[in-house]
Structure formats: C-alpha cells, structure tokens
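>>> what follows is a predicted structure for the sequence shown.
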Amino acid sequence: MFPGLPPARRRIRAVRHQLRRRRRLIAALLAAGAVLAGLRAVAPPPPDTVAVLVAARDLPSGTVLDDRDLVARDVPAGLAPADAAGAAAGRVLAAPVGRGEVLTDVRLVGPELADAVPGETVLPVRLPDAGMAALLRAGDEVDLVATDPGTGDTTVVARGVTVLATPTGVPDGPTGVAGGALVVVSASATEAIAIAGAALGEFLTVSWTR
C-alpha cells in the first residue's frame with residue numbers, strides 16, 4: 001500500500017486510511033459516550049440508606065433471638081419503618097416474622113408491644129397447662145377462665161382477649177402457679193385487674209371464641 005513513499009509516510013497514510021474506514025464506528029462511539037455522560041449528569045443522586053435488621057429465616061412467635069436469626073440490610077431511608085428495631089439479640093419475638101421481613105419493635109416482647117394495641121393493657125399470663133398454651137398463636141382471641149383449686153368453682157374473668165405473644169424459655173416466677181407456659185395478652189384495664197387477681201390463687205385456662 002502506498003508504493004514509493006518512505007516507510008514513515010506510508011505508516012501515516014495507513015493510519016489515516018484506517019481512520020477513514022472506521023469513522024462511522026468512531027463517531028457512533030463518541031456519540032454514545034456523550035449521551036452516557038449527559039445521563040450521568042442529570043441522573044438524581046442515589047437515595048440515602050439506613051441499616052435495618054431483617055429475619056435470616058422464617059422465625060416463629062416466641063423465638064429468643066440471637067445473631068444467627070438476623071442480618072443487617074441497607075434500605076432507602078424513606079422506606080425504613082419508623083419503629084425498626086435496633087439491637088435485638090436475646091429478646092423474644094411476640095409474633096412470627098417471615099424471611100427477609102424487617103424486624104420492628106412491636107414484634108418484640110417488651111414495652112413497645114403496647115403500641116400494637118393502643119388503649120389496651122398488655123400483661124403476661126401463666127397458664128398451668130403448657131400443652132394448651134402451645135396451641136395458641138399471636139392474634140388468637142380467647143376467653144380466660146379461672147378455676148378455684150379449693151372449691152372447683154369456675155368463672156370467666158375476661159372475654160375476647162387477644163394473644164400477642166407466646167414466648168418460650170421464660171423461667172417460672174415466684175408468684176402464681178409454677179410451671180406451665182407464659183402467654184402475653186392485651187385486655188381492657190378492668191379485665192387486666194381481674195386477670196391479675198385470678199392468677200394469684202386460681203388456675204387459668206383458655207377457651208377459644210368465634
């Protein structure tokens with residue numbers, strides 16, 4: 001190619017020839033680069049994110065949480081629940097949590113649980129029949145029935161109370177009937193007083209309402 005020209009001139013001519021052959025491709029690449037640069041210039045900045053705890057697996061009500069049950073995830077700040085839980089290791093789940101679901105304070109046994117039932121009183125109730133307690137799930141509505149161990153008399157002390165949690169691994173307390181299982185319920189203030197009084201000297205059980 002380009003006979004009779006010095007080698008240096010031939011190389012220059014060859015480069016120019018290749019550039020002319022590929023000018024459309026080069027022009028297209030330059031145009032694409034300009035478009036990409038423009039899109040980057042007008043694109044909104046990435047949203048602010050916050051770290052939240054999500055369930056690493058499906059977790060049933062009553063789970064005593066440890067570090068293996070939860071993982072941290074970054075989510076857009078505007079989508080993070082206002083009541084997202086902070087450190088939760090060692091706390092007890094008040095309700096089931098699905099894999100990938102953000103953990104919130106109202107899913108944990110503690111003072112925040114009352115936020116799920118505004119206007120109601122949240123209280124723990126120990127049922128002597130652990131087998132019956134195991135049948136309960138968060139969200140169940142039950143009647144609480146008290147039986148006097150001395151006379152056998154039975155009375156309904158609260159109707160339609162809502163089960164908020166069925167925690168496990170909670171040790172027996174010094175009052176009431178030892179053993180059994182603990183459930184957390186919500187009731188009106190009047191019912192809560194009646195339940196607490198009955199729990200001191202009577203056997204509590206539940207019956208389901210429809």
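Okay, I see it. Here the structure is a predicted model, which is why all the values come from computation and not from measurement.

>>> do you know how far residue 152 is from residue 159?
21 Å (CB to CB, to the nearest Å). Placement of C-beta: from N, CA and C, glycine included.

>>> more crowded one of these two?
residue 159 (14 against 7; other CB atoms under 10 Å).

>>> how close does the more buried one get to residue 48?
Taking CB to CB, one finds residue 159 at 48 Å from residue 48.

>>> what are the phi and psi values for the residue lying closest to residue 60 once chain neighbours are set aside?
Sequence neighbours aside, residue 96 is the residue nearest to residue 60 in space, at 5.4 Å (criterion: CB to CB, 6 or more residues apart in numbering). Phi and psi for residue 96, reported as degrees, to the nearest 10, are phi -60, psi 150.

>>> tell me which residues touch residue 96, please.
By CB atoms under 8 Å, 6 or more residues apart in numbering, the contact list for residue 96 reads 58-61, 138.

>>> ok, the helix or strand containing residue 160: who's next to it in the sheet?
Using DSSP states H and E, residue 160 falls within strand 154-165. With DSSP bridges as the test, strand 154-165 is paired with strand 141-147 (antiparallel), strand 181-187 (antiparallel).

>>> angle of whatever helix or strand comes next after the last one against strand 141-147?
The first helix or strand that comes after strand 181-187 along the chain, using DSSP H and E, is helix 189-201. Between helix 189-201 and strand 141-147, the angle comes out at 40 degrees (axes from the mean of the first three to the mean of the last three CA atoms, to 10 degrees).

>>> helix 189-201: what's the following helix or strand?
With DSSP H and E, the next secondary element past helix 189-201 is strand 203-208.

>>> mind listing what's buried along that following strand?
Buried residues in strand 203-208, counted by 16 or more other CB atoms under 10 Å: 203-206.

>>> show me what contacts the spatially most central residue of the chain?
With distances taken as CA atoms, centre = their mean, the residue of the chain nearest its centroid is residue 103 (2.4 Å). Contacts here follow CB under 8 Å, 6+ apart; on that basis residue 103 touches 52-55, 70, 84-85, 88, 97.

>>> perfect, I'm done here.
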